[in-house]
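Pasting the sequence and the predicted coordinates here, then a few questions.
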Amino acid sequence: MVKFREGDRVRVRDEARAGHIRTPTYIMGKVGVVSRVHGSYRNPEQLAYGEQGVPEIPLYYVAFDAAEVWGGTSSADRVDVDLYEHWLEPA
Amino acid sequence: MSLDQDDHERHDHEADPHAPNEHRGPDTDVWEHRAAALQEALVAKGLVTPDQVRAMIEDWESRTPALGARLIARAWTDPVFKARLLADAKSAARELLGIDPGVPELVALENTDRVHHVVVCTLCSCYPRAILGVPPAWYKGLAYRSRAIVEPRGVLREFGLELAPWVEVRVVDSTADMRYLVLPERPAGTERMSEQELAALVTRDSMIGVARAKEPIGVT
């Protein structure tokens, strides 16, 4: 069951976590829009340590305004990041 | 280990003197020794055979950007295939090339005169190796990985690609298990070219998004 759909606004959780996380620090706390739902995949944060990575977690292609991520003047430019569902909350 | 699966674990172990890596000391030989020792141990335990290792290396080295170029050239000439490539690049690659891209998903992103995608992996060096082969050293380097995401227009300018202000730049950070392939714009003046001739215009860099496809010779 996927929690978000295309067009939903989401905020990336701002949590420093150790280990093989696939969420880059620069995107934590930022708000973007889901532009594609990739599907559900085994959790790489666990796979990296020889675990099974189940249950599978929905993965989203999330589009952010470059200005939201880096500051500066607003433009149409974007930063697009793949993010697993447990890193996202509604915004 | 399947092809293209583990870029983010593997990058620490490659002996590539051109790839800056914050985790690696100056002595890269140690990684080669370690890989050799590991292989020896795995063979001794009967977990892999030397022939399997050889076959894997042979497979890796058979992958070149020519595979990706065939996908692009077909997409330029066949709208139905293009739609399929954009909807599900993995099955499109399997159908046209007869190979399994070996990754959870392969995603094609279309560049137009309004939107320009460029791919980076800021966390490691994820790359669609199965259809583009071994990534260039700069793709794995810290400079590209840290700068492309922040100032893509400046980085693209250094690659010789000046984008108009009205073009929307989308930097795609390949953070998870998806692999991205850019579908570059078909160059003008190529209307009469065959699919094979078109494929020769599709470069590796145009499929990463740091360049356009080559202009046909003789077109001004």
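Nice, thanks for sending it over. Numbers count the residues shown, from 1 in each chain, chains lettered A, B, ... in the order given.

Please count neighbours and contacts with C-alpha atoms only from this point.
OK.

Which residue ranges make up the domains of chain B?
According to automatic domain parsing, chain B comprises the domains B:7-15+B:25-61, B:64-208.

for the ones you listed, which one ends up most surrounded?
Of all these, domain B:64-208 has the most neighbours on average by mean count of other CA atoms under 10 Å in any protein chain shown, namely a mean of 19.

okay, and the helix or strand of the chain with the least pLDDT?
Defaulting to chain A. The helix or strand of chain A with the lowest confidence, counting by mean pLDDT, DSSP states H and E, is helix A:44-47 at a mean of 88.

Could you report the pLDDT at the nearest residue to residue B:198 once chain neighbours are set aside?
Once flanking residues are discounted, residue B:198 sits nearest to residue B:73: 5.6 Å by CA to CA, 6 or more residues apart in numbering or on different chains. Looking at residue B:73, its pLDDT reads 98.

hang on, residue B:73 packs against residue B:193?
No - taking contacts as CA atoms under 8 Å, residue B:73 lies outside contact range of residue B:193: 10.2 Å.

Name the residues contacting each of those two.
Any residue near both residue B:73 and residue B:193 by CA atoms under 8 Å, 6 or more residues apart in numbering or on different chains counts here, and not one turns up.

Show me which residues of stretch A:63-70 are buried.
Of all the residues in stretch A:63-70, those buried under the rule 16 or more other CA atoms under 10 Å in any protein chain shown are A:63, A:64, A:65, A:66, A:68, A:69.

Please compute how far it lies from its chain's middle.
From the chain centre to the centre of stretch A:63-70 is a distance of 13 Å (CA atoms, centre = their mean, to the nearest Å).

Are that stretch and chain B in contact anywhere?
Yes - using CA under 8 Å from any CA of the partner chain, stretch A:63-70 comes into contact with chain B via residue A:70.

How about residues contacting the one helix or strand the residue nearest to residue B:198 maps to?
The secondary structure element spanning residue B:73 is helix B:65-77 (assigned by DSSP states H and E). Around helix B:65-77, the neighbours that count as contacts under CA under 8 Å, 6+ apart are B:81-83, B:85, B:92-93, B:96-97, B:131-133, B:183-184, B:186, B:195-196, B:198-200, B:202-204, B:207.
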